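Engineer: next come a sequence and a model predicted from it.
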Amino acid sequence: GQQVMQIPQYQHVQEGEDFTTYCNSSTTLSNIQWYKQRPGGHPVFLIQLVKSGEVKKQKRLTFQFGEAKKNSSLHITATQTTDVGTYFCAGYGNKLVFGAGTILRVKS
Amino acid sequence: DAEITQSPRHKITETGRQVTLACHQTWNHNNMFWYRQDLGHGLRLIHYSYGVQDTNKGEVSDGYSVSRSNTEDLPLTLESAASSQTSVYFCASSTGHPRGEQFFGPGTRLTVL
């Protein structure tokens, strides 16, 4: 069945450093979504990518969708303490499948 | 404002008991989903519904059931609770297109002793 792998599982960075999480699917995706979950909270939708090679930016966050529509990445420039949380990718093949998430901790 | 709510927010029960978790949304969304979240596994789909009277099994549906009698509600029932079902449960909904963004409820933390 469809699987979505996400790495790394944890990332601990100094405030101001960059952060990247990667997502790989076993099958070609129709779209990929990214969610953020703050500690103790619920997942909140960040963005959806649909087109091959698509790149979208939200302030310090850059999202990419691979040319083959099987991988994606989220890059945060100059992390801040407000960025802490778990970042999930979710790929839509025949249904939405979530990656295991990357837990981001930021040291101030 | 439209929202999605879950109740109870915390529940402790005993092995073998039947438990029902409620999910109610006022978005008027056709699609509703139940996930469980366990460390290292992310969010795993239990059941989902694309409309009234429609229900479908997800990847971890054993021991769970749902019913959809109206647009607003998708209750999740654990027929006979097991310790392996201790988890955080999230309900979500999305608009007409199943591939659209999902809106999550606040979650229910269930402990089965």
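Structural biologist: Thanks, I have the structure now. This is a predicted model, so every value here is computed, not measured.

Engineer: and the helix or strand bottoming out on mean pLDDT in chain A, which strands flank it?
Structural biologist: Ranking every helix and strand in chain A by mean pLDDT, DSSP states H and E puts strand A:96-98 at the bottom, with a mean of 91. Taking DSSP bridges as the criterion, strand A:96-98 forms sheet pairs with strand A:85-92 (antiparallel).

Engineer: and the partner strand, average pLDDT?
Structural biologist: Per-residue pLDDT over strand A:85-92 has a mean of 96.

Engineer: just stretch B:41-60 next, same as before
Structural biologist: Here the average pLDDT along stretch B:41-60 is 94.

Engineer: and for it, what's in contact with it?
Structural biologist: Applying Cβ atoms under 8 Å, 6 or more residues apart in numbering or on different chains, the set of residues contacting stretch B:41-60 from outside is A:1, A:6, A:43, A:88, A:90, A:95-101, B:30-38, B:61, B:64-71, B:74, B:76, B:89-90, B:98. Heads up, the C-betas are built off the backbone N, CA and C, glycines and all.

Engineer: in that stretch, what counts as buried?
Structural biologist: Along stretch B:41-60, these residues count as buried under the neighbour rule (16 or more other Cβ atoms under 10 Å in any protein chain shown): B:Gly42, B:Leu43, B:Arg44, B:Leu45, B:Ile46, B:His47, B:Tyr48, B:Ser49, B:Thr55, B:Gly58, B:Val60.

Engineer: in its sheet, which strands sit next to the helix or strand where A:Gln33 lies, and in what direction?
Structural biologist: Using DSSP states H and E, the secondary-structure element containing A:Gln33 is strand A:31-37. Applying DSSP bridges to the sheet, strand A:31-37 is found paired with strand A:44-49 (antiparallel), strand A:85-92 (antiparallel).

Engineer: could you dump the longest one to CSV, C-alpha only?
Structural biologist: Output for strand A:85-92, consisting of C-alpha atoms alone and laid out as CSV, is shown next (Å, rounded to 0.1, in the frame of the first residue of the first chain):
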residue,chain,number,x,y,z
GLY,A,85,6.3,21.6,17.0
THR,A,86,5.8,18.6,14.8
TYR,A,87,5.7,19.0,11.1
PHE,A,88,3.8,16.4,9.1
CYS,A,89,3.6,15.8,5.4
ALA,A,90,0.6,14.1,4.0
GLY,A,91,0.5,12.7,0.5
TYR,A,92,-2.6,12.0,-1.5
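
Engineer: quick one: distance of that strand to the chain centre.
Structural biologist: Here strand A:85-92 is found 5 Å from its chain centre; the criterion is Cα atoms, centre = their mean, to the nearest Å.

Engineer: for A:Ser30, give me phi and psi.
Structural biologist: In this entry, A:Ser30 is assigned phi and psi values of phi -80, psi -40 (degrees, to the nearest 10).

Engineer: and for it, the neighbour number?
Structural biologist: A:Ser30 is surrounded by 12 other residues when neighbours are defined as other Cβ atoms under 10 Å in any protein chain shown.
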